[in-house]
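K.L.:
okay, predicted coordinates and the sequence, questions at the end:
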Amino acid sequence: MVRVLFCFLLLVPQVCLAGPNDNPMMAKIILERNDIFVQVNAVVENSAHLFKNELSYQLLLLKRAGTSNSYQKEEHTGEFTILPNEKKSVAQLKLSLNNSEEVKVFLFVREGKTLLAQDVIIINDVEEIYRNTSITEEQIAIKGLVIDEVKTKIGKDFYDIFYQKYLQSGEQYSFIININEKPFIGGRGSLVSVQIGDHKLFEFQARPDEDLLKQAADYSLTLIKNYNQNNKNYEKIY
């Protein structure tokens with residue numbers, strides 16, 4: 001649980017990533033603190049004279065303890081419409097923060113697959129909030145990030161093996177790698193998957209066998225390396 005040493009509401013500054021000044025769509029993350037709680041409010045503003053529908057938002061939170069390499073992810077998505085010259089809150093959530101944790105909050109607004117606006121707030125401790133008005137989408141990718149979404153000891157064992165091998169490889173990919181797990185009913189094993197975005201690269205039946213987990217980690221890293229190379233080749237062509 002996060003402790004924030006404030007006994008009053010404080011509106012903290014945010015990083016504006018909405019792009020050029022003539023961009024009619026703005027995304028803003030507004031934080032309000034009250035004692036140990038932080039209220040996150042994702043706000044979208046349409047300064048154009050056009051009604052916009054079929055828009056979507058993605059509110060992504062990444063949290064880790066200061067001594068940990070593992071991030072916990074919380075994600076909220078949804079669709080919305082917005083009137084001309086309207087400002088609206090598309091999502092709200094409440095956090096509790098520990099002063100030893102690092103918290104990163106990202107807001108993306110899209111029309112189909114087109115990114116219209118974005119914002120990010122990075123809180124490294126209670127006292128320090130980093131601000132930047134020119135962060136690019138590439139910088140937001142956070143190179144080398146692996147998200148731990150496992151639920152059992154077997155899944156955690158695989159994550160630890162995978163992450164150590166990833167560090168030893170010297171690679172730092174610009175995309176986020178997710179390690180997911182679906183435990184079997186009765187607790188006898190689980191399905192562990194390695195995923196990049198919506199793309200599932202590899203899924204296997206995990207069990208308490210260290211050799212199996214090491215082989216699965218090696219194979220996953222090979223697939224990820226091939227995925228990264230294929231993306232680079234695609235970008236060169238197009």
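P.N.:
In hand now; what should we look at? What you are looking at is a predicted structure, and each value in this text was computed from that prediction instead of being measured.
K.L.:
so where's the longest strand in the chain?
P.N.:
Under DSSP state E, the strand in the chain containing the largest number of residues is strand 52-65.
K.L.:
could you break this protein into its assigned domains?
P.N.:
Listed domain ranges for the chain are 15-140, 146-237 (source: automatic domain parsing).
K.L.:
let me see the ranges of the strands in the protein.
P.N.:
Listed in chain order, the strands of the chain (DSSP E) span 15-16, 25-34, 37-46, 52-65, 72-82, 86-96, 101-111, 114-123, 129-130, 146-149, 177-183, 190-196, 199-206.
K.L.:
out of those strands, which gets nearest to K165?
P.N.:
Among the strands of the chain, the nearest to K165 by C-beta to C-beta is strand 146-149 (10.8 Å). Yep, even glycine has a C-beta here, placed from its N, CA and C like the rest.
K.L.:
in a markdown table: the domains of the chain, plus mean neighbour count and mean pLDDT.
P.N.:
Shown next, in a markdown table, are the domains of the chain (neighbours: other C-beta atoms under 10 Å; pLDDT from 0 to 100):
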| stretch | mean neighbour count | mean pLDDT |
| --- | --- | --- |
| domain 15-140 | 16 | 76 |
| domain 146-237 | 15 | 86 |
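K.L.:
quick one: K151 and F184 touch, right?
P.N.:
No: with contact defined as C-beta atoms under 8 Å, K151 does not reach F184; the gap is 11.1 Å.
K.L.:
what would the strands of the chain look like in CSV with distance to L213?
P.N.:
CSV is the format used below for these (distance: least, C-beta to C-beta, whole Å):
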stretch, distance to L213
strand 15-16, 38
strand 25-34, 38
strand 37-46, 36
strand 52-65, 22
strand 72-82, 21
strand 86-96, 33
strand 101-111, 28
strand 114-123, 33
strand 129-130, 36
strand 146-149, 15
strand 177-183, 12
strand 190-196, 9
strand 199-206, 7
